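Asker: this is a predicted model, with the sequence first.
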Amino acid sequence: MESDTAVRRNRGYRAANNPSDRDEDSGFKSAGADQKTASSGSDDTKKKPVFGLCLLEESNGVVLLVFFLLALWGLVHLSLRQLVVGASTGEFNAVRARKHLEHITAFGPRPVGSPENEILTVNYLLEEIEKIKAGSNKAHTISVDVQKPTGSFTIDFLGGFTSYYDRVSNVVVKLEPKRGAKHAMLANCHFDSVANSPGASDDAVSCSVLLEALHSMSNLSTPLRHAIIFLFNGAEENVLQASHGFITQHPWAKLVRAFINLEAAGVGGKEIVFQTGPENPWLMQAYVRAVTHPFASVVGQEVFQSGVIPSDTDFRIYRDFGHIPGIDLAFIENGYLYHTKYDTADRILTDTIQRAGDNILAVLKLLASSEELANSSEYRHGNMVFFDVLGVFMVAYPARVGTIINYMVTVATLIYLGKKCSLPNNVGFMYMRSLACAIGVTLMSWFIAFVSVLIIAGLISLTGQSMFWYTHYYVSVCLYGTAGIAMLMLIHTLAKNHYCGNMNQLQVGEIYFDVTLTLWCCALVYLTQQGLCSAYVPMITVVFPLITKLLLRQELKQRGATFKYTSLYLLGLSLPYVHFMFLMWVVFEIFTPILGRSGTEIPPDVVLASITTVCVIILSSYFIHFIYLSKSMKRTLVVLASIFGVVAVLVSSGVFFPYSCNSARPRPKRIFLQHTTRTFHGLNGEVIKKDSGIWINGFDYTGMKYVTPHIPEINDTIRAPCDKQVPFCGFPWFLPVEFLVKKNWYLPAPEVFPKTPFEFALLSKQQTDWRTTKLSFEVKGPSHMSLYLLPHRGAALTSWSFGDGTPQFDIGGEYFIFYSHGLDAPAWRFWFEVQAPKSNSGEEMISVGIASHYFFGEDQETPPLMELLHRFPDWSFPSHWVSTYNLYQY
């Protein structure tokens, strides 16, 4: 019989007297020693082993983890609030730029075709440019051109559609050295806005920044090597039309070798570089060298370009139609106010303008003096891995270097794990078996946690409490986050108590650290194989924990999971975890507001719960082994369950209202109202149906649930069904988003009589030699119209006068053409050819629908529309206009 000391020696973390149990590298011993000790006949050996090494106290561990996470979150939050890092160079005057911003937004909403956009803003820009030109020195020449392009193109956005524009506005300024320049850098912004929004952040502030940048650069004493073209484009909100007009038609476009585009998906804050290229790593290298207030992420680039964010910028036009590389920047904070009446100049801090101006000015100066711009094709190949660290400095390196680093880290990890797997005397085999089982437990815990949280989110949606978090974001963390954490902890606690009860807890803890390391290494290899620059995230998530673990190996073996070990371990995780938290802030800052305008069909709670659970899994990955190093987690589980229960009861009882009209932090509900008259014509042109009403679209999942108590007549009895026999359900869709917004309401109202009449005429109908029917039309109407084409069964649309002549992007058999014009545009003429079905005997071949939209002026409002508008609650933002819908059969 062995003594208690001998038992502890055999079952302890290091078996000093038994060579088969000695394993200083893996911390894992073979099963033979356990079996031998267990069969010695002592009753003591049948009991749960007693260890001499320290286990983590639950309270100490929880306090350390909470403090660690709160400290890192505070650091991230502080960095986000620190808009200007260090002293400004003084070259960019933010006060003067703010005056431009206030002047432009004072004109009010600036939709394309409105006097505010086409006359007032254009004239203001020209006046300020003339002042800059008059005050510039003699080192540079400033040329100005007002372009009014007409064109057409197709775009794979919102399911795909075709765009046609006529005489939209571009104000183009070229700053070049006196001797002239063969190459140019393009700086782009847009001064138009959506209807009913002053568009301060989107995108008047960017144009104000470029005006001041032009002023600063016009006074440089040393001439630049290349020209800079400043494009103030007047039709971006019409789905990127003015930028297409410039890059495909303007004579100066031939000079452009690269571009910078300034955009917004929020109101204020920092401007982030969220996409660059394609390829051309020298652009990102220039940004890294030039900027004083860095804020950039290649993760954002790859997420945005994946298409999961329903948005696009002029970057696409310059890339796809101009075939030039560029840098895309955008303000992303406070997206709740994006495209609303709250996007005002007073919400944009002067420091926001200063940091953007300092950065843009520095990058433009560097690129306009660079050798790479003139020979950009020689520096084209390759991508960059780039990210900033708390807005203080940038890390950037070529993607090919990143691939080498990633594989080196992978090899180091395999060596670390392989050394344990290759131990003799069955120890390596036992380690591999335990590692495989632990991986299975971890993956199972992730799956169960994910499914559990999704079930909770589904129940919340079914009980009618969806979007409770829209104003109270942290409540979602307390509900979905605690549920995810609790489920992960529960699974691992059960595994610890029922499957690891007779094992050394310190050994098991080490195994679960290795599990996390293995899974992150798998993610690293996968992302690297896919060619994604975002692979740097799992790379740093492997490197720093591995180094930390190796440095603390002796501390854990000799003393166990002490307070010192836990503190130093968390300190070693600081860099990857602070970066995690920054990326998570970006994800939630972008996606939470988007869920408030993502339509009626996507359950936002399911999306938010999924994102939250993924974040919980990521953050908890290197903390899981603490469960096995701790004495117990019962109190923590009870606390988490209590928090979840209380929050679930509060949410279910409707305590948290989704929307807010708080002037400091508004969270408006987005609603579109169109007072419309619909007219349906038969094959011979006769009117077969006509009605009028106010067509209502709620752009989030709650529909009209919260509006009905304020306006009782807006209820489910007036829900508008979709008529699949006519194009786009027979309603005046401004953009092809009917697949996102299937719940609509149609409140009867008097007929509308716009002063700008809509006229539609069939000019000719003729048979072609290739047995198609060519239909030619002429349309007169307001600045915005939408054309819908629906070929009937057996018929096919073969060609048309839009884009490259080939019909593209049929959405379920329907075609959408978006039209807009500036001032003094002629009548819109177009044609298309239809191939009739073989069995056609005088029946309709195609349905043609056309909607006119009156976004400004006296035609925008009617007394019934305004009366209804004033009844909407203060926490809503009803964007309104007048429209007509006409359907014809041919």
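Answerer: The structure has been received and is ready for your questions. These numbers were taken from a predicted model, which means no experiment stands behind them.

Asker: Ala94 reaches Gly357, doesn't it?
Answerer: Yes: applying Cβ atoms under 8 Å as the test, Ala94 and Gly357 come out as touching, 5.8 Å apart. Any C-beta I mention is one placed from the backbone N, CA and C, and that applies to glycine too.

Asker: so what sits against both of those two?
Answerer: Glu212 (Cβ atoms under 8 Å, 6 or more residues apart in numbering).

Asker: Asn261 looks like it's in a strand, true?
Answerer: Yes: according to DSSP: H, G, I helix; E, B strand; the rest coil, Asn261 belongs to a strand.

Asker: spit out the contact partners of the nearest residue in space to Val298 that is not next to it in sequence.
Answerer: Distances taken as Cβ to Cβ, 6 or more residues apart in numbering put Cys533 closest to Val298, at 4.4 Å, once the chain neighbours are dropped. Neighbouring residues of Cys533 by Cβ under 8 Å, 6+ apart: Val298, Gln301, Glu302, Asn383, Met384, Val385, Phe386, Ala399, Gly402.

Asker: and the two most separated of those?
Answerer: Gln301 and Gly402 (13.8 Å; Cβ to Cβ).

Asker: and the longest helix for the chain?
Answerer: helix 427-462 (DSSP state H).

Asker: who are the packing partners of that helix?
Answerer: helix 399-421, helix 482-499, helix 505-529, helix 604-620, helix 634-652 (3 or more Cβ pairs under 8 Å, 6 or more residues apart in numbering; DSSP states H and E).

Asker: ok, back up a step: sort out for me which of the contacts of Cys533 are in helices.
Answerer: Going by DSSP H, the helices hold Val298, Gln301, Glu302, Ala399, Gly402 from the contacts of Cys533.

Asker: which neighbouring elements make contact with whichever strand or helix holds Ser786?
Answerer: Ser786 is part of strand 784-791 when elements are defined by DSSP states H and E. Using 3+ Cβ pairs under 8 Å, 6+ apart, the elements in contact with strand 784-791 are strand 815-821, strand 828-835, strand 846-854.

Asker: redo the ones you listed as JSON lines? Include mean neighbour count.
Answerer: Output for these, formatted as JSON lines (neighbours: other Cβ atoms under 10 Å):
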{"stretch": "strand 815-821", "mean neighbour count": "25"}
{"stretch": "strand 828-835", "mean neighbour count": "19"}
{"stretch": "strand 846-854", "mean neighbour count": "24"}
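
Asker: now render the ones you listed as JSON lines, adding mean pLDDT.
Answerer: JSON lines is the format used below for the helices and strands packed on strand 784-791 (pLDDT from 0 to 100):
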{"stretch": "strand 815-821", "mean pLDDT": "96"}
{"stretch": "strand 828-835", "mean pLDDT": "96"}
{"stretch": "strand 846-854", "mean pLDDT": "96"}
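
Asker: distance to Pro864 added to those, as JSON lines?
Answerer: Output for these, formatted as JSON lines (distance: least, Cβ to Cβ, whole Å):
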{"stretch": "strand 815-821", "distance to Pro864": "26"}
{"stretch": "strand 828-835", "distance to Pro864": "29"}
{"stretch": "strand 846-854", "distance to Pro864": "15"}
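
Asker: quick one: closest of those strands to Val638.
Answerer: Comparing the helices and strands packed on strand 784-791 by Cβ to Cβ, strand 815-821 comes nearest, at 55.6 Å.

Asker: neighbouring strands for the closest one, and are they parallel or not?
Answerer: With DSSP bridges as the test, strand 815-821 is paired with strand 161-166 (parallel), strand 784-791 (antiparallel).
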